[in-house]
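Participant: dropping a prediction and its sequence here:
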Amino acid sequence: MPRPLGELEDAVMTRVWKWNRPVTVREVLEDLQKERSIAYTTVMTVLDNLHQKGWVRRQAEGRAYRYEAVSTRAAYAAALMNEAWSQSDNAAAALVAFFGMMSEEQRQALTDAVRVTPLPETTEQRRPAEQPGAAEQPGAAEGPGAAEQAGSPEQPPPAEPSVENPASAEGPRGR
């Protein structure tokens, strides 16, 4: 589990995540200087620390580096939520309290996420024809219409959700 980012680390990573491309120290510095007075060497040190911690990878470009995020802000937030939840001695109570703190927009995002996230399938949930090794069994029905021939009722495929995957909300990673 990653430890939470410090204030300056978060300010730097926010830009790296937002821009979603390899960035230079100079680019981050110039954007940070719109909000605060900060030295080039400070930003360089923070990006080096983030590299050492595994938050960014870097590629040499001349005498400098370009830095790129290793994962998304969404993955970082999810890891922090998971860590916080796992620290509770009563997971259900922690979730109830968390849900009580959520805004309506956050509740809708949660509903959308649950709708597009498949639950792990257990062996009991599979139909007999879907059981591992069922196709190799003698007499196993195969091909179109096999479900009717085998006497099992045809079930329609699950409906595709119309909601975009929230994990992809940060857009494709450009190179």
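Facilitator: Nice, thanks for sending it over.
Participant: C-alpha from now on. contacts and neighbour counts both.
Facilitator: OK.
Participant: strands along this structure, start to end?
Facilitator: 56-61, 64-69 (DSSP state E).
Participant: so which of those comes closest to residue 78?
Facilitator: In terms of CA to CA, the element of the strands of the chain nearest to residue 78 is strand 64-69, at 15.8 Å.
Participant: how about the closest one: buried residues?
Facilitator: Applying a neighbour-count criterion of 16 or more other CA atoms under 10 Å, one finds 65, 66, 67, 68, 69 buried in strand 64-69.
Participant: and the fourth one, bridged to which residues?
Facilitator: Residue 68 forms beta bridges with residue 57, as assigned by DSSP bridges.
Participant: just the pLDDT for it.
Facilitator: Reported pLDDT at residue 68 in the predicted model: 97.
Participant: measure it to residue 7 for me?
Facilitator: Using CA to CA, to the nearest Å, one gets 19 Å for the distance from residue 68 to residue 7.
Participant: check the last one too.
Facilitator: Between residue 69 and residue 7 the distance, using CA to CA, works out to 17 Å.
Participant: quick one: low-confidence ranges for the chain?
Facilitator: 1-2, 122-175 (pLDDT under 70).
Participant: from residue 111, how far off is residue 47?
Facilitator: For residue 47, the distance to residue 111 - CA to CA - is 36 Å.
Participant: of the two, who's got more company?
Facilitator: residue 47 (26 against 11; other CA atoms under 10 Å).
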